[in-house]
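**Q** I need the structure of the sequence given here:
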Amino acid sequence: MIQRARILALSGTFIALITAGSWLSIPLPPVPLTLQTLFVLLAGIVMKRYGVIPVTLYVLLGAAGLPVFHNGTAGLGILLGPTGGFLVGFIPAALVTGVAYEHKSPKLRSAGLVAATAVTYVFGVAWLSFSASLPIYQAILLGVAPFIVGDMVKIAAAYAIGERLA
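**A** Down below sits the predicted model:
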């Protein structure tokens with residue numbers, strides 16, 4: 001019973017943090033650079049495999065019309081637009097992070113954070129390519145290349161914070 005209450009409380013907290021992170025953005029086309037990914041990684045770090053729960057709920061709440069996506073956007077139109085794949089990719093990214101953080105190995109945890117970011121990129125690039133009718137290389141140039149440095153900083157921050165929380 002206590003475990004369920006903890007998961008519920010942490011889920012609400014991470015939904016709020018991911019939403020707040022979506023408002024903290026640098027508007028770069030076609031995908032804004034936000035702090036959402038930092039909080040997605042932290043959900044997996046703190047909640048382990050259960051980190052997938054708040055991330056899935058976040059995506060579902062946004063799809064249902066609550067203004068939780070970047071800059072208060074919402075709806076299925078966002079998920080079907082160029083950013084949709086990145087948002088959906090948050091779900092398996094949280095799971096990858098969570099499973100990695102169920103182990104004590106710093107190497108495995110670091111690899112999990114990198115793999116989770118790569119999973120987000122794969123989902124995002126695939127959908128960006130499809131939805132915008134772009135070749136894969138162009139989708140990578142638009143949807144990954146501008147964000148690699150920022151995402152590496154977020155991975156490092158998540159790891160450092162995770163060392164104190166996990």
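**Q** right, and the helix or strand after the one helix or strand in the chain whose mean pLDDT sits lowest?
**A** One helix or strand of the chain scores below all others by mean pLDDT, DSSP states H and E: strand 25-26, with a mean of 73. Next along the chain after strand 25-26, taking DSSP states H and E as the criterion, comes strand 33-34.
**Q** let me see the mean pLDDT of that following strand.
**A** Mean pLDDT, strand 33-34: 78.
**Q** list the contacts of residue 13.
**A** residue 54 (Cβ atoms under 8 Å, 6 or more residues apart in numbering). Placement of C-beta: from N, CA and C, glycine included.
**Q** same thing but at 10 Å, please
**A** Contact analysis of residue 13 by Cβ atoms under 10 Å, 6 or more residues apart in numbering lists 39, 43, 46-47, 54.
**Q** same deal with residue 156?
**A** 110, 113.
**Q** can you list the contacts of residue 13 in JSON lines and add pLDDT, neighbour count and secondary structure?
**A** Listed next are those as JSON lines, based on pLDDT from 0 to 100; neighbours: other Cβ atoms under 10 Å; DSSP: H, G, I helix; E, B strand; the rest coil:
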{"residue": "39", "pLDDT": "98", "neighbour count": "26", "secondary structure": "helix"}
{"residue": "43", "pLDDT": "98", "neighbour count": "30", "secondary structure": "helix"}
{"residue": "46", "pLDDT": "97", "neighbour count": "20", "secondary structure": "helix"}
{"residue": "47", "pLDDT": "97", "neighbour count": "24", "secondary structure": "helix"}
{"residue": "54", "pLDDT": "98", "neighbour count": "28", "secondary structure": "helix"}
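**Q** list the buried residues in the lengthiest helix in the chain.
**A** Ranked by residue count and defined by DSSP state H, the top helix of the chain is helix 106-131. Burial within helix 106-131, assessed by neighbour count using 16 or more other Cβ atoms under 10 Å, is assigned to 109, 112-113, 115-117, 119-121, 123-129, 131.
**Q** the next helix or strand after that helix - contacts with which helices or strands?
**A** Downstream of helix 106-131, the next assigned helix or strand under DSSP H and E is helix 136-143. Packed against helix 136-143 by the contact rule (3 or more Cβ pairs under 10 Å, 6 or more residues apart in numbering; DSSP states H and E) you find helix 84-100, helix 106-131.
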